[in-house]
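Chemist: After the sequence you'll find the predicted model.
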Amino acid sequence: MDALEGLAQIAFYEGRLSDAMDNLQTLIGIFEGQHSEDVLWYTVRKAVVASKQGNCDLARELIQKGSESLQFFSLRNARIFLHRSYGSACIELTAGDCDRAESYFTTTIEACDLQADLMHKTFSMRGLGEIAFARGNFALATQRFKETRSLCAEMRVPPQHLYSCSLFCTLPDKFKGWSLFLEGLSPFANDTT
């Protein structure tokens, strides 16, 4: 199973999204009927890949169907709830619906505070920073990115390697606020302390 997930991550990273989808579908097939939590986990990942392929409607449908059939697990298990909520935020961000993405990122952060989950909180804080940046609210973006950098330090993860171990959690490439912030480039040139 780990090998298939690794192959899916590599394919995703290399932009071979169809291969990533195939590997994730194989994993879903392996777990169907026996490990419902794992089915939902990989279905969320498959939805994220579908959104990167430009099929955000399919991505939403996968999340919805997976969540409906396994609602017991997603409500009972904080790990699954965070995974689904963050995945939904990424899908909405990819779809260009910043309001919905912001709502999901905020929900994820609130749940992370209850569960002491720094990783999803860090990813979500960066997402909120990207939304603020896209809206031209550079003061708020700076605040969010500073919080993200602080959370990275708390996790002992170099900020430039935030997603190194979680490739499916990366945000769409078009969002560059975080990288500009880390490089100290405009509009953050004088504000990266």
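Modeler: Good, I have the coordinates. Keep in mind the model is a prediction, meaning the values are calculated, not measured.
Chemist: Closest to the centroid, which residue in the chain?
Modeler: Nearest residue to the geometric centre of the chain (Cα atoms, centre = their mean): Cys169, 3.6 Å.
Chemist: list the contacts for that residue?
Modeler: Residues near Cys169 by Cβ atoms under 8 Å, 6 or more residues apart in numbering: Tyr86, Cys90, Phe123, Tyr163. Any C-beta I mention is one placed from the backbone N, CA and C, and that applies to glycine too.
Chemist: Now with 7 Å, please.
Modeler: Each residue near Cys169 by Cβ atoms under 7 Å, 6 or more residues apart in numbering is listed here: Tyr86, Phe123, Tyr163.
Chemist: Ok, Gln25 next?
Modeler: Lys46.
Chemist: And it, how far from Lys176?
Modeler: Distance, Gln25 to Lys176, by Cβ to Cβ, to the nearest Å: 31 Å.
Chemist: do Gly29 as well
Modeler: 37 Å.
Chemist: Please apply the same query to Gly33.
Modeler: 43 Å.
Chemist: quick one, which of these two is more surrounded?
Modeler: Lys176 (14 against 8; other Cβ atoms under 10 Å).
Chemist: quick one, phi psi at that one?
Modeler: Lys176 adopts backbone torsions of phi -110, psi 0, taken as degrees, to the nearest 10.
Chemist: what does the one 10 residues further on give?
Modeler: Recorded main-chain torsions at Ser186 are phi -50, psi 140, according to degrees, to the nearest 10.
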